[in-house]
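> Sequence and predicted model, in that order:
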Amino acid sequence: MYELDIAFRHISARKRLTFFAVFAVALAIGVIVVLMSLMSGFTDELMSMTIENSAHIVVSPVEGTTDYVHFYRHYSEQILGIEGVSAVSPVFTGQVALQYRDKAQGIELYGIDPVAEDAVMQIDENIVSGNFSALSRSNNGIVLGDRLAQDLGVGVGDTVSAVVPASDPASYKVVGIFHTGTPTDETLAYARFDSVQDLFGESGVASGIKVRTNDPYQAEEISLSIESSTGLDAVSWIEANRNILELLNTQAVLVWLYYGLIYLIAGFGVANTLITVVMEKRREIGMLMAMGTSRRHITNIFLLESLILGTIGVLVGCVLGYLGTVLLSSYQIDLPSEMYFGLTTLPLKLEASNFFYAIVFSFVINVVAGVYPARRASRMDPVEAIESE
């Protein structure tokens, strides 16, 4: 195929220009792969934290009717029978001041059945000290977030006091400390359901019912089924975190625009190389056309040059992107958790799709970049091209 031979000869004749064109493509691919790996890791980590550290669905009384769910045991059984629901956990919640010696913190105290709550929230996986199941064996046990425990200066075995208005303080023994990496580590504590009910002077009611589904992404549909069958209000994690999900979608659009700009810059490098070749090889192009080479074949020559430059750049760029991602992953880069939804380290995740998208878009840009110089070469007048030298 003589077009390919000519394309290779043109490329090898301008080694410096060829190097910079290939380097521009490779650098673009490498940067895109690293950024896409960062976005994949960030999105997966954020989604995992959102899904695993919150109930898939929270069932509560319809707003404006009552403060509590009555007959919560009946509703719990009813909800558990709905297709797609794997576990339920009634909870009784209230604001308390937790005190230890001269320190106090305002927190949300959750009264729970430890077995049911662990089935929904999988808290036991986040325990860093003590034992979550100890709540089942202790009427006055309490489990705290690690940042809350640090702020109060308490550890497992210490006794804290829970204070609420118009009620006597209740003493709780710390039996466990958990870490989720979210702001709840500073504002949340768990105690026995009946114990918290007694503290607030209530009985036979729950503040709400937490629900875990087999497929978290079906939570929206299941919440509608719960509302229609119970008459209660059911809010899925998707609805509760809609702002975060919309932010991720908006961020994805902006990032793809950024990717496009990087590819365009690399495409200009390829186009510049090919235009320079066209200007330098005008006489050769004219002679080829005078010998009977069709304009289509002339166009093919320069499109092949664009594809060759792009292919070499893509291969080198994939290697650079892989090495860059692996190198960054090997270092723990700390992040301020309050700025990145609780993420404390820079998350990176290598995915085959990242390389696929980078390769496809790179080839598209390179072909587009080669169209203008290819058409310009094919439209030359053979006589003028030969006499230009």
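Everything's here; your move. Residues are numbered from 1 along each chain as shown.
> Of all residues in this structure, which one is nearest the centre?
T43 (0.3 Å; C-alpha atoms, centre = their mean).
> Which strands and helices lie in contact with the helix or strand where it lies?
Element membership of T43, judged by DSSP states H and E, is helix 15-52. Here helix 15-52 touches helix 242-280, helix 295-329, helix 352-378, going by 3 or more C-beta pairs under 8 Å, 6 or more residues apart in numbering; DSSP states H and E. C-beta coordinates here come from the backbone N, C-alpha and C atoms, glycine included.
> So which residues make contact with the helix or strand following that helix?
Where DSSP H and E defines the elements, the next helix or strand beyond helix 15-52 is strand 57-60. For strand 57-60, contacts defined as C-beta atoms under 8 Å, 6 or more residues apart in numbering pick out 69, 75, 79, 207-211, 213, 219, 222-223, 226, 230, 232-237, 240.
> partner strands of strand 57-60, parallel or antiparallel?
Strand pairing for strand 57-60, determined by DSSP bridges: strand 208-213 (antiparallel), strand 233-236 (antiparallel).
> Name the stretch among those that sits most buried.
Neighbour counts (mean count of other C-beta atoms under 10 Å) averaged over each of the strands paired with strand 57-60 peak at strand 208-213, with a mean of 24.
> Can you give me the buried ones in the helix or strand following it?
Following strand 208-213 in sequence order, the next helix or strand is helix 219-230 (DSSP H and E). For helix 219-230, a neighbour-count test (16 or more other C-beta atoms under 10 Å) marks 219-220, 222-223, 225-227, 230 as buried.
> now helix 219-230: how far from the chain's centre is it?
Centroid displacement of helix 219-230 relative to its chain, using C-alpha atoms, centre = their mean, to the nearest Å, is 27 Å.
> quick one: buried residues of stretch 317-328?
Within stretch 317-328, the residues that qualify as buried are 317-318, 320-322, 324-325, counting by 16+ other C-beta under 10 Å.
> what sits up against that stretch?
Under C-beta under 8 Å, 6+ apart, the answer for stretch 317-328 is 25-34, 37, 346, 348, 350, 354-355, 358-359, 362.
> Restrict it to CA atoms and write it as PDB.
As requested, the backbone C-alpha atoms of stretch 317-328 are provided in PDB (Å, rounded to 0.1, in the frame of the first residue of the first chain):
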ATOM      1  CA  GLY A 317      -0.200   8.200  26.600                       C
ATOM      2  CA  CYS A 318      -1.800   5.100  27.900                       C
ATOM      3  CA  VAL A 319       1.500   4.000  29.400                       C
ATOM      4  CA  LEU A 320       2.000   7.500  30.900                       C
ATOM      5  CA  GLY A 321      -1.500   7.500  32.300                       C
ATOM      6  CA  TYR A 322      -1.200   4.100  33.800                       C
ATOM      7  CA  LEU A 323       2.100   4.900  35.500                       C
ATOM      8  CA  GLY A 324       0.900   8.300  36.700                       C
ATOM      9  CA  THR A 325      -2.200   6.800  38.300                       C
ATOM     10  CA  VAL A 326      -0.300   4.000  39.900                       C
ATOM     11  CA  LEU A 327       2.300   6.400  41.200                       C
ATOM     12  CA  LEU A 328      -0.300   8.800  42.700                       C
END
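> my guess is Y75 meets G81, correct?
No: here Y75 lies out of contact with G81, judged by C-beta atoms under 8 Å, at a distance of 10.8 Å.
> higher neighbour count, those two?
Neighbour tally, Y75 and G81, criterion other C-beta atoms under 10 Å: the higher count belongs to Y75, 21 against 10.
> On the pLDDT front, check that one for me.
At Y75, the pLDDT value in this model is 92.
> And it, its phi and psi?
Here is the backbone geometry of Y75 (degrees, to the nearest 10): phi -70, psi -40.
> Leaving aside the residues adjacent along the chain, what's closest to it?
Spatially, and ignoring its direct neighbours in sequence, Y75 is nearest to T230 (5.5 Å; C-beta to C-beta, 6 or more residues apart in numbering).
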